[in-house]
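Asker: Sequence below, structure please.
(2 chains, ligands or ions: 1)
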Amino acid sequence: MTGVRVAGVGLTHFGQHPERTGRDLFADASARAFADAGVPREDVAQLNYGNFMGEIGEHQGHQGPLMAEAAGLNAPATRYESACASSGVALREAVKDVRNGEADAVLVGGAERMTNLGTAGTTEALAIAADDLYEVRAGMTFPAAYALMARAYFDRYGGGKEDLAAIAVKNHDNALDNEFAQFQKAITVEDALDAQMIAEPLGLYDACPITDGASAAVLVSDEYAEEHGLDAPVSITGMGQGGDKMALQDRQYLARTPAAERAAEEAYADAGVGPADVAVAEVHDCFTIAEVLALEALDFYAPGEGIGAAARGETTRDGDRPVNLSGGLKAKGHPVGATGTSQVVEMTRLLRGDHPNSDAVPGDVGVTHNAGGTVASTTVHVLEVEE
Amino acid sequence: MNDETGGGAERVRDEGYDDFLDAVESGEGFYLECPEGHGSLPPRRVCPHCGATDLEEVPLPETGEIETHTTVHVAAPSFAEDAPYVTAVADFGGVRLTGQVRGVDPEDVAVGTEVTAEVAETETSGERVLVLRTC
Ligand SMILES: [Zn+2]
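Answerer: Residues are numbered from 1 along each chain as shown, chains lettered A, B, ... in the order given. Next up, the predicted model:
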């Protein structure tokens, strides 16, 4: 089994791009990844591509071959759909194929076009990641689902809106210098607490925005990197994926995410590291409460202890283990199908030193956590700087 | 029923789910139970918890308890005229149900509130919706 190097990464700006189609966004992100990697396109054996709502957002299915064309590849291409974890799952499959020797070089990425649907249309489209019969038809939206988890968390463990506001403030602060982020704008705890309610106890600033964007990474085997003299100091050393019941009501826990716990355990064991070794994390903060659930699932905190991490300064830029130095989904944006790979793009830049927040990284092991639905599917990846 | 759904597809009868709503509507709500005692909701061919295939219909308890709730202010188009409304997950013993809470001011909904399961219509589309009514 060979090691897997991140040879190159690329992002589009995340935000509102009403004039740009998914194929244009992915062409842009993949071109940046190829330029960064120095890998010729003809060496790439396949495209693993994540997308969630292309049929609704763009009236476009079968996006695999379309995006291979956009990226300039003449290679097999497969779309992976796992709600907001779509490109996290695409990434895991890409890592497997490189490890197994199926491919020396793979392009992985994702794209989503959402803003043209507007708020109501996007709310409707995202809701289909929940159980249609028992959740959507009962009026549950995505923010509502996370609100139900937030209320269950508060009821069981304590904590409150101020703790969630501290997470939003932190992630906005981290995005200030990130040119790819949707919001490069500081907010205060008061701004967050005074914001319009979406689904109590979650307000507008507890929610990630509606976003257009794309992400891409070129993965290669250790042997390929060596043969071609690539400067690729970051490896993906661990991966894991977990699943849970589709509907919240059928889960064992409403305030814990076992799918992410299992993914994390698997990824740590795969990489031969533990939570104490992790210096920095990019986690799926589609809502502020989701960051709390992620920190606990990654075993940085025991259940019930993660809620105050941002307020206590432990996960802030100058904290011991900064979380979401990219700005997270909250401030960087959440083009759902692009998100999983975008976390690996940001983590790679953070670890190799060319991210605006690289100076804040206190070590050389990073973790990315990408969740689909209300964490019915999750992938976790471990990235490390090679000696 | 052949109502248009948000997705544009003709909504056809969902065997199991619509049977369940019919049963709740006529006061004979049920859920499915496997030999291990795991509860689940139809349609179901295997127990989602242990994989057992011999599922039996057992009566839904009269009342449940709200375990978590939220007041939805930004709704999907299919619930636009219902907003703001309360959605909750209530524990009925063998199973939990997700539904719209009615019969109480949103501010007065709390974890632990006792509810019964009913079927009503949404204000927006007239679709049937599972309702949790405070006792
Ligand atoms: Zn069972």
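
Asker: thought residue B:15 was touching residue B:45?
Answerer: No: using CB atoms under 8 Å, residue B:15 makes no contact with residue B:45, being 11.7 Å away. In short, each C-beta sits where N, CA and C put it, glycine included.

Asker: element containing residue 35, please.
Answerer: Just going to use chain A. helix A:22-37 (DSSP states H and E).

Asker: wait, chain B
Answerer: Per DSSP H and E, there is no helix or strand for residue B:35.

Asker: For the spatially closest residue to residue B:96 that is not a sequence neighbour, give its distance to residue A:129.
Answerer: Nearest residue to residue B:96, sequence neighbours excluded (CB to CB, 6 or more residues apart in numbering or on different chains): residue A:249, at 3.9 Å. Distance of residue A:249 to residue A:129, computed by CB to CB, to the nearest Å: 15 Å.

Asker: right, and the secondary structure at the residue in the stretch 51-200 of chain A that the ion sits nearest to would be what?
Answerer: Residue nearest to the ion within the stretch 51-200 of chain A: residue A:134 (18.0 Å; CB to the ion). Following DSSP: H, G, I helix; E, B strand; the rest coil, the label given to residue A:134 is coil.

Asker: give me every residue that touches residue 94.
Answerer: Reading this off chain A. Applying CB atoms under 8 Å, 6 or more residues apart in numbering or on different chains, one finds that residue A:94 lies in contact with A:46, A:48, A:103, A:106, A:108, A:219.

Asker: my bad, the chain I had in mind was chain B
Answerer: B:31, B:33, B:37, B:39, B:58, B:60, B:61.

Asker: Looking at those residues, which is nearest chain A?
Answerer: Closest approach between the contacts of residue B:94 and chain A, by CB to the nearest CB: residue B:39, at 9.2 Å.

Asker: Can you give me the pLDDT of that closest one?
Answerer: On pLDDT, residue B:39 comes in at 97.

Asker: if we can go back for a sec, can you select the buried ones from the contacts of residue A:94 in PyMOL?
Answerer: Listed next is the PyMOL selection for buried residues among the contacts of residue A:94, using 16 or more other CB atoms under 10 Å in any protein chain shown:
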select buried, chain A and resi 46+48+103+106+108+219
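
Asker: so where is the chain shaky, pLDDT-wise?
Answerer: Because you didn't say which chain, this covers chain A. For chain A, the stretches with pLDDT under 70 are A:387.

Asker: my bad, chain B
Answerer: Under the criterion pLDDT under 70, the flagged ranges of chain B are B:1-11.

Asker: So which residues of it form strands?
Answerer: B:30-33, B:39-40, B:56-59, B:64-72, B:85-91, B:96-102, B:114-121, B:128-134 (DSSP state E).

Asker: other SSEs contacting the third one?
Answerer: Spelled out, that is strand B:56-59. On a contact count with 3 or more CB pairs under 8 Å, 6 or more residues apart in numbering or on different chains; DSSP states H and E, strand B:56-59 meets strand B:30-33.

Asker: how many neighbours does the nearest residue to residue B:104 once chain neighbours are set aside have?
Answerer: The shortest distance from residue B:104 to any non-neighbouring residue, by CB to CB, 6+ apart, is to residue B:134 (4.3 Å). By other CB atoms under 10 Å in any protein chain shown, the residues close to residue B:134 number 15.

Asker: Ok, residue B:28 next?
Answerer: When neighbours are counted by other CB under 10 Å, residue B:28 registers 11.

Asker: Torsion angles phi and psi at it?
Answerer: phi -120, psi 50 (degrees, to the nearest 10).

Asker: before we move on, back to that, which members of the contacts of residue B:94 are classed as buried?
Answerer: B:31, B:33, B:39, B:60, B:61.

Asker: where exactly do the strands run in the stretch 1-150 of chain A?
Answerer: Assigned by DSSP state E, counting those that start in this stretch, the stretch 1-150 of chain A shows strands spanning A:4-11, A:46-50, A:77-80, A:105-112.

Asker: how about those in CSV, adding distance to residue A:359?
Answerer: Formatted as CSV, these follow (distance: least, CB to CB, whole Å):
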stretch, distance to residue A:359
strand A:4-11, 19
strand A:46-50, 30
strand A:77-80, 34
strand A:105-112, 27
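
Asker: Tell me which of the ones you listed is the most buried.
Answerer: Most buried of the strands of the stretch 1-150 of chain A, by mean neighbour count (mean count of other CB atoms under 10 Å in any protein chain shown): strand A:105-112, with a mean of 32.

Asker: Which other helices and strands does that one contact?
Answerer: helix A:22-37, strand A:46-50, helix A:63-71, helix A:86-99, strand A:213-221, helix A:336-352.

Asker: just to revisit the earlier point, for the buried ones among the contacts of residue B:94, which two are the farthest from each other?
Answerer: Spanning the widest gap among those are B:33 and B:61, at 12.1 Å by CB to CB.

Asker: For the closest residue to chain B within the stretch 201-350 of chain A, grab the count of nearby residues.
Answerer: The minimum distance from the stretch 201-350 of chain A to chain B, using CB to the nearest CB, falls at residue A:249 (3.9 Å). Using other CB under 10 Å, residue A:249 is surrounded by 25 other residues.

Asker: give me phi/psi at it?
Answerer: When quoted as degrees, to the nearest 10, the phi and psi of residue A:249 stand at phi -60, psi -20.

Asker: From the ion, how far out is it?
Answerer: Per CB to the ion, to the nearest Å, residue A:249 is found 16 Å from the ion.

Asker: re earlier: quick one, which of the helices and strands packed on strand A:105-112 is packed in tightest?
Answerer: strand A:213-221 (a mean of 31).

Asker: ok, back up a step: give me every residue that touches the residue nearest to residue B:96.
Answerer: A:134, A:135, B:89, B:95, B:96, B:97, B:98.

Asker: biggest separation within the residues you listed, which pair?
Answerer: Spanning the widest gap among the contacts of residue A:249 are A:135 and B:95, at 13.8 Å by CB to CB.

Asker: how close does residue A:45 get to residue A:89?
Answerer: Residue A:45 is 18 Å from residue A:89, by CB to CB.

Asker: cool, and residue A:300?
Answerer: According to CB to CB, residue A:300 stands 23 Å off from residue A:89.

Asker: same check, this time on residue A:250
Answerer: Distance, residue A:250 to residue A:89, using CB to CB: 21 Å.

Asker: same check, this time on residue A:55
Answerer: The gap separating residue A:55 from residue A:89 is 18 Å, by CB to CB.

Asker: And residue A:135 and residue B:95? Which one has more around it.
Answerer: Neighbours were tallied for residue A:135 and for residue B:95 using other CB under 10 Å; the higher tally belongs to residue A:135 (27 against 23).

Asker: The more buried one and residue A:247 touch, don't they?
Answerer: Yes: contact criterion CB under 8 Å: residue A:135 and residue A:247 qualify, at 5.4 Å.

Asker: Mutual contacts of those two, please.
Answerer: Listed contacts common to residue A:135 and residue A:247 are residue B:98; contacts here mean CB under 8 Å, 6+ apart.

Asker: and the residue of chain A nearest the ion?
Answerer: residue A:250 (11.9 Å).

Asker: How many residues are close by residue 20?
Answerer: Since you didn't name a chain, this refers to chain A. By other CB under 10 Å, the residues close to residue A:20 number 18.

Asker: The intended chain is chain B.
Answerer: When neighbours are defined as other CB under 10 Å, residue B:20 has 26 of them.

Asker: And the one 5 residues further on, by the same measure?
Answerer: Other residues within reach of residue B:25 by the criterion other CB under 10 Å amount to 15.

Asker: which residues does it contact?
Answerer: Listed by CB under 8 Å, 6+ apart, the contact partners of residue B:25 are B:118, B:119, B:128.
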